[in-house]
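> Just to be clear, the model below is a prediction. Sequence and coordinates:
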Amino acid sequence: METTKGSFAVKKGLAQMLKGGVIMDVVTPEQARIAEDAGACAVMALERVPADIRADGGVARMSDPELILKIKETVSIPVMAKCRIGHFVEAQILQALKVDYIDESEVLTPADEEHHILKHNFTVPFVCGCRNLGEALRRIGEGAAMMRTKGEAGTGDVVEAVRHARTVLGEIRRIQGMPEEELMAYAKTIGAPYELVKETAALGRLPVVNFAAGGIATPADAALMMQLGVDGVFVGSGIFKSGDPAKRAAAIVKATTHFRDAGILAEVSKNLGEPMVGRNISQMPEGEKIAGRGW
Amino acid sequence: MKIGVLALQGDFAEHLTTLHRLGVETAEVRLPEHLTGLDGLILPGGESTTIGKLAVAYGLMEPLRQFGRQKAIWGTCAGAIFLSKDAQRDQPLLGLMDITVERNAFGAQVDSFEADLQISILQPAAPYRAVFIRAPIIATVSGAAHILASLPDGRIVAAQEGKLLATSFHPELTGDTRFHQYFLSLAQN
């Protein structure tokens, strides 16, 4: 029997299993348990949620392997972990820890300001952030098996998540309507591999699963992103920086499933306690924004 | 014929796409009333704990059990776990099939794999390229349930009991529609 591990179909396949679900940032095994009990389809194991990374400043790096292993022991759902952009050794370590997905994330301080990790070199799959189609297809070209629109992490303000999802999905609609001979020039304009531009135009969607991230804090935010056309959502600071994380987490899971049913959305939005306080992006200095990290 | 796909979480869109390629009418099932008028139901891959919790929260457990006592249901991966009577863990299960499962039997995602299987019920006969993603195995098969496919080391990866079908792997992730066609033949009878 010919058996193959780490094929692109297998890497992309796990992301397909996460569709319609909520991936939650957790910083302790206890939070991981709360997330799993609430119906999370995966957790992101971190030392600090993005809101705290923002508040603390300094260099943000891969989490302590001990923390990641403890979270892996606690839950049966997939466990993801973040490495810095371009830090392929952090990625090698995370693969050795057998995390289920690596997020090469702009939330951490980039290790390379020109190059991302060559993700084809790994057996473990990667998810990467994007703000537009060119960025998404460059990451897929490097081997990313899942994408997430970046939004602005740690703010609780959904406006950038909406902007990035609308941009990516709008560009896909645009190339679907283009005659094939225009795709090469368009690929050049957006800095994307031509073959992937052609594939995306033919599919009418990204060739890999695409979640929304960065600023989702309420069930309505999650359903908004789903109705815009993403495959699922990441919720970072929005859950464990709120007043009642278990209740809010379960409500966001239900809202992601029943995203078109306003009656259910109204029901699950009741009495969730205080949402995370949040940061209004329109008043944030450019230098504090992190979505621009990524090349 | 109309086939529903449980659309609580997971790769239900991939099943819908395959069914559309075969010219089948489909429906997404999120609430009990969505089961009306269906000839068969697919429980997709995904996270079995998430799917189970949402099924409990929206009153789907008993309606799904009643459906499965009369009509065809096929569970792929998480769906197979959901059909089983025991997953060695405290989570909601339909218990419709006389099988027990072991979740994540091959380990973490880095151990996920593709393999060629010989599956005698598939037509035309040819090796079947199966995709296993953090897959469960079917640990025991008893009563009226029987084995459909195993790995060369003997671990069971597909089973059937009447009109109920369980596979550890994901036919919806490949271009090969033979497993879907086999399920449609069960739903039709």
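Received, thanks. For clarity, every value in this text was computed on a predicted model and none was experimentally measured.

> Number of residues surrounding residue A:186?
18 (other Cβ atoms under 10 Å in any protein chain shown). Where you see a C-beta, it was placed from the backbone N, CA and C, and this is true even at glycine.

> swap in residue A:106?
Using other Cβ under 10 Å, the number of residues around residue A:106 comes to 24.

> again with the one 10 residues further on
Residue A:116 is flanked by 22 other residues according to other Cβ under 10 Å.

> Give me the phi and psi for whichever residue of the stretch 151-295 of chain A sits closest to chain B.
Relative to chain B, the nearest point of the stretch 151-295 of chain A is residue A:257 (5.3 Å; Cβ to the nearest Cβ). Main-chain dihedrals, residue A:257, degrees, to the nearest 10: phi -70, psi -50.

> Report the contact partners of it.
A:20, B:7-9, B:30, B:54 (Cβ atoms under 8 Å, 6 or more residues apart in numbering or on different chains).

> Local confidence estimate at the residue of chain B most remote from its centre?
Here chain B reaches farthest from its C-alpha mean at residue B:110, the gap being 22.7 Å by Cα atoms, centre = their mean. If you check residue B:110, the pLDDT there is 96.

> hmm, back to that, I only care about the contacts of residue A:257 that end up buried; give me the ChimeraX line for that.
One line in ChimeraX is enough to select the buried ones among these; burial here means 16 or more other Cβ atoms under 10 Å in any protein chain shown:
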select /A:20 /B:7,8,9,30,54
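
> middle-most residue in the chain, spatially?
You didn't say which chain, so I picked chain A. Closest-to-mean residue, chain A, Cα atoms, centre = their mean: residue A:148 / 3.9 Å.

> wait, chain B
In chain B, the centroid-proximal residue (Cα atoms, centre = their mean) is residue B:75; its distance is 1.3 Å.

> Check the offset of the helix or strand residue B:26 falls within from the chain's centre.
Applying DSSP states H and E as the criterion places residue B:26 in strand B:25-29. The chain centre lies 16 Å from the centre of strand B:25-29; the measure is Cα atoms, centre = their mean, to the nearest Å.

> do the next helix or strand along the chain from that strand and chain A meet?
Counting by DSSP H and E, the next helix or strand C-terminal to strand B:25-29 is strand B:40-43. No - using Cβ under 8 Å from any Cβ of the partner chain, strand B:40-43 stays clear of chain A, with a minimum separation of 12.7 Å.

> Report the rounded mean pLDDT for strand B:40-43.
What strand B:40-43 shows for mean pLDDT is 98.

> Would you mind pulling up the elements that it packs against?
Applying 3 or more Cβ pairs under 8 Å, 6 or more residues apart in numbering or on different chains; DSSP states H and E, we find strand B:40-43 packed against strand B:2-6, helix B:12-21, helix B:61-70, strand B:72-76, helix B:78-83, helix B:178-188.

> which bits of the stretch 151-295 of chain A sit near chain B?
Residues of the stretch 151-295 of chain A that fall close to chain B, judged by Cβ under 8 Å from any Cβ: A:253-254, A:256-258, A:261.

> Need those in JSON lines (columns: pLDDT and secondary structure).
Compiled in JSON lines, these are given as follows (pLDDT from 0 to 100; DSSP: H, G, I helix; E, B strand; the rest coil):
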{"residue": "A:253", "pLDDT": "98", "secondary structure": "helix"}
{"residue": "A:254", "pLDDT": "98", "secondary structure": "helix"}
{"residue": "A:256", "pLDDT": "98", "secondary structure": "helix"}
{"residue": "A:257", "pLDDT": "98", "secondary structure": "helix"}
{"residue": "A:258", "pLDDT": "98", "secondary structure": "coil"}
{"residue": "A:261", "pLDDT": "98", "secondary structure": "coil"}
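
> Compare those and tell me which is most surrounded.
Ranking those using other Cβ under 10 Å puts residue A:253 first, with 30 neighbours.

> Would you check how far apart that one and residue A:79 are?
When distance is defined by Cβ to Cβ, to the nearest Å, residue A:253 is 17 Å away from residue A:79.

> Equivalent analysis for residue A:234, please.
Separation of residue A:234 from residue A:79 (Cβ to Cβ) stands at 14 Å.

> Which one of those two is surrounded by more residues?
Using other Cβ under 10 Å as the criterion, residue A:234 and residue A:79 rank with residue A:234 on top: 29 against 25.

> hang on, the earlier thing: would a markdown table of the helices and strands packed on strand B:40-43 with mean pLDDT and distance to residue B:139 be doable?
Below are those laid out as a markdown table (pLDDT from 0 to 100; distance: least, Cβ to Cβ, whole Å):
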| stretch | mean pLDDT | distance to residue B:139 |
| --- | --- | --- |
| strand B:2-6 | 98 | 23 |
| helix B:12-21 | 98 | 25 |
| helix B:61-70 | 98 | 20 |
| strand B:72-76 | 98 | 15 |
| helix B:78-83 | 98 | 11 |
| helix B:178-188 | 97 | 21 |
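
> returning to what we had before: so what does the helix or strand that contains the residue nearest to the centre of chain A touch, helix or strand wise?
Per DSSP H and E: residue A:148 is located in strand A:146-149. Here strand A:146-149 touches helix A:8-18, strand A:126-130, helix A:133-141, helix A:159-176, strand A:209-212, going by 3+ Cβ pairs under 8 Å, 6+ apart.

> Check these for me and report the most buried one.
Neighbour counts (mean count of other Cβ atoms under 10 Å in any protein chain shown) averaged over each of the helices and strands packed on strand A:146-149 peak at strand A:126-130, with a mean of 28.

> Now do stretch A:220-232: distance to the chain's middle.
Remark: stretch A:220-232 is offset 13 Å from the chain centroid, using Cα atoms, centre = their mean.

> and if you look at stretch A:151-162?
Per Cα atoms, centre = their mean, the centroid offset for stretch A:151-162 relative to its chain is 12 Å.

> number of nearby residues for the closest residue to residue A:37 other than its chain neighbours?
Counting by Cβ to Cβ, 6 or more residues apart in numbering or on different chains, residue A:37 lies nearest to residue A:246, which is 7.1 Å off, once chain neighbours are set aside. Residues contacting residue A:246 under the criterion other Cβ under 10 Å number 15.

> and residue A:246, which of the three is it?
With DSSP: H, G, I helix; E, B strand; the rest coil as the basis, residue A:246 sits in helix.

> Spit out the contact partners of it.
Contact partners of residue A:246, counting by Cβ under 8 Å, 6+ apart, are A:34, A:37-38.

> Show me which positions of stretch A:269-287 end up buried.
Residues A:269, A:272, A:275-276, A:278-279, A:281 are the ones in stretch A:269-287 that count as buried (16+ other Cβ under 10 Å).

> which one among those gets closest to residue B:64?
Minimum distance to residue B:64 across those is 26.8 Å, recorded for residue A:269 (Cβ to Cβ).

> I figured that closest one hits residue A:218, correct?
Yes - contact criterion Cβ atoms under 8 Å: residue A:269 and residue A:218 qualify, at 7.0 Å.

> Wait, a strand at residue A:23?
Yes - counting by three-state DSSP, residue A:23 falls inside a strand.

> quick one on the thing from earlier: now the contacts of residue A:246: which count as buried?
Neighbour-count burial (16+ other Cβ under 10 Å) applied to these gives A:34, A:38.

> Take the contacts of residue A:246 and keep only those in strands.
With DSSP state E as the criterion, strands contain none of these.
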